[in-house]
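Engineer: Have a look at this prediction, sequence included:
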Amino acid sequence: MKTLILTTVLATCAIALASCGSTPSAAPSIAAGAASVEAARSAGAPELDAVDLNEARSKLEKARALAAAGDDRAAMRMAEQADVDAQLARAKAGTERSRLAVAELETGLQTLRDELNRAAAKQAPRPMP
Amino acid sequence: MNTTRTLIATATLLTLAACQTTPGPNPDLVAARSSLDQANGNPYVARSGAVELQSAQQAMTRADAAWAADRDVEQTRHLAYLARKRADIALAIGIQAQSDERVQQFTAEREKVRLQARTSEADVATASARAAQADARDAQTAARNAQTDSQISRDQADAARLLALKQSGRAEGLERDLADLKAQKTDRGMVVTLSDVLFDTGKSTLQPGAQRSVAQLVQVLIRHPERRVLIEGFTDSVGGEEMNMKLSERRAQTFQRELMNGGISADRIEVRAWGEANPVADNGSAAGRQRNRRVEVLFSDAEGHLAAR
């Protein structure tokens, strides 16, 4: 009786744990993550958003290590996170690039205006005929 | 036994608790929801990051569902992380779209300012050109004024010269004008002698041929209004002295009348009869007597003074 109850409880626990997540192969997720990291790298993320790109690279390494260790479930999670991190790095690289363009234009515009005002001030003393 | 059962129950509960914590807000879900709300609140995300926003929405739904179904903290944390990052991606794309829009605005504005600068430069150039033009106009005006001034002074000089020429030339002019009448320059002045052939013998009426001489004298007197004339009548020695005096007077008066008929006023004409006096030739010969029968027209000086004989 006691053994039966214990077995049942343990089985229930095992089923309960199993129901928390399936454990398919991590390989597709790792491949997707690696592609996203490469895309972010091409988009200039190493210079424009190194933090998120490094996070992605680090997680991708962990995912590979976990997969190698046989923990496909953890490896898959890690690879999925590396994927979104890399996608975020790529998006932020674009944002940063645009922000820099805006700042540059703003400065240029201000310089242009200053020059124009100086030129106008220089010309102002001359009386119009 | 009781202790054993309680232990088992506790273990079961703990195992279940590993999958689902106590009901209430999951902090990972809350963080993910916050990021998603931020992305949702940005109009640029809806416009430009619709796909990414939808992805984030789906990840959020999955995380919520996982939490609701299993209360699996780890799985929920993982799905919440994915949802939060997808929301961040959507937001980043929205912010980029916003920046891109500003880039376009600034580019357009830069072109406007550049155009303005060019226009301003053109204005300055135009103003300079206009100023130069005005300067040129001023210079031209000054030159014209100088020219006018010099023209005026030239004109004045010319007028003065002309006046001097006129005044000095009047004597010359008179001589020239009287040349046709064979006038003679004497110490009394210019004298025109009209022989008696112009008169009928013994009469004081003018022959038709004399009219030309009269007209010429009238013209000279009109041209030289400052001059006056003395008409002197002379005869030869033939006949009585008394009669000759009368004859010479009548002939001189005839001449005076003719000049007055030509429009010369009487106060410019003086008349004097000399009779036989002041002969210019020998009365012994016919030729001499003919020369002595005459009328002399003496011209005054420029001031109208007539020299006495």
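Structural biologist: Yes, it's here.
Engineer: By mean pLDDT, point me to the weakest helix or strand of chain A.
Structural biologist: Least confident helix or strand, chain A: helix A:2-19 with a mean of 54, by mean pLDDT, DSSP states H and E.
Engineer: What's the first helix or strand after it?
Structural biologist: Once helix A:2-19 ends, the next helix or strand along the chain (criterion: DSSP states H and E) is helix A:27-42.
Engineer: Mind giving me the packing neighbours of the one helix or strand residue B:175 maps to?
Structural biologist: Per DSSP H and E: residue B:175 is located in helix B:73-177. On a contact count with 3 or more C-beta pairs under 8 Å, 6 or more residues apart in numbering or on different chains; DSSP states H and E, helix B:73-177 meets helix A:72-123, helix B:27-41, helix B:43-48, helix B:50-70, helix B:210-223. (C-beta placed from N, C-alpha, C; glycine too.)
Engineer: 7 Å instead, please
Structural biologist: helix A:72-123, helix B:27-41, helix B:43-48, helix B:50-70 (3 or more C-beta pairs under 7 Å, 6 or more residues apart in numbering or on different chains; DSSP states H and E).
Engineer: since we're on the closest residue in space to residue B:81 that isn't next to it in sequence, how many residues are nearby?
Structural biologist: What sits nearest to residue B:81 in space, not counting adjacent residues and going by C-beta to C-beta, 6 or more residues apart in numbering or on different chains, is residue A:81, at 5.9 Å. Neighbours of residue A:81 under the rule other C-beta atoms under 10 Å in any protein chain shown: 22.
Engineer: I figured residue A:81 hits residue A:57, correct?
Structural biologist: No - assessed by C-beta atoms under 7 Å, residue A:81 is found out of contact with residue A:57, at 11.8 Å.
Engineer: quick one: pLDDT of residue 105?
Structural biologist: Since you didn't name a chain, this refers to chain A. Note on residue A:105: pLDDT of 86.
Engineer: switch to chain B, that's the one I care about
Structural biologist: pLDDT for residue B:105: 88.
Engineer: Please report how far it lies from residue B:93.
Structural biologist: 19 Å (C-beta to C-beta, to the nearest Å).
Engineer: Flag the helix or strand of chain B with the lowest per-element mean pLDDT.
Structural biologist: Among the helices and strands of chain B (confidence taken as mean pLDDT, DSSP H and E), helix B:2-19 ranks last, showing a mean of 60.
Engineer: Look up how far chain A lies from the residue lying closest to residue B:220 once chain neighbours are set aside.
Structural biologist: Counting by C-beta to C-beta, 6+ apart, residue B:177 is the residue found nearest to residue B:220 once chain neighbours are left out, at 4.7 Å. Using C-beta to the nearest C-beta, to the nearest Å, residue B:177 is found at 61 Å from chain A.
Engineer: now residue B:215
Structural biologist: From residue B:215 over to chain A (counting by C-beta to the nearest C-beta), the distance is 68 Å.
Engineer: pLDDT at the single nearest residue of chain A relative to chain B, what is it?
Structural biologist: Across chain A, no residue is closer to chain B than residue A:98, which sits at 3.3 Å (C-beta to the nearest C-beta). Predicted confidence (pLDDT) for residue A:98: 91.
Engineer: For the residue nearest the centre of chain B, give me the pLDDT.
Structural biologist: By C-alpha atoms, centre = their mean, the mean C-alpha position of chain B lies nearest to residue B:137, the distance being 7.0 Å. Per-residue confidence (pLDDT) for residue B:137: 83.
Engineer: And chain B, what are its domain boundaries?
Structural biologist: The record assigns chain B these domain ranges, following automatic domain parsing: B:1-168, B:178-299.
Engineer: Output those as CSV; include the columns distance to residue A:88.
Structural biologist: As requested, the domains of chain B are arranged in CSV below (distance: least, C-beta to C-beta, whole Å):
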stretch, distance to residue A:88
domain B:1-168, 5
domain B:178-299, 120
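Engineer: Which one, of the ones you listed, ends up nearest to residue A:65?
Structural biologist: For residue A:65, the closest of the domains of chain B is domain B:1-168, at 17.3 Å, according to C-beta to C-beta.
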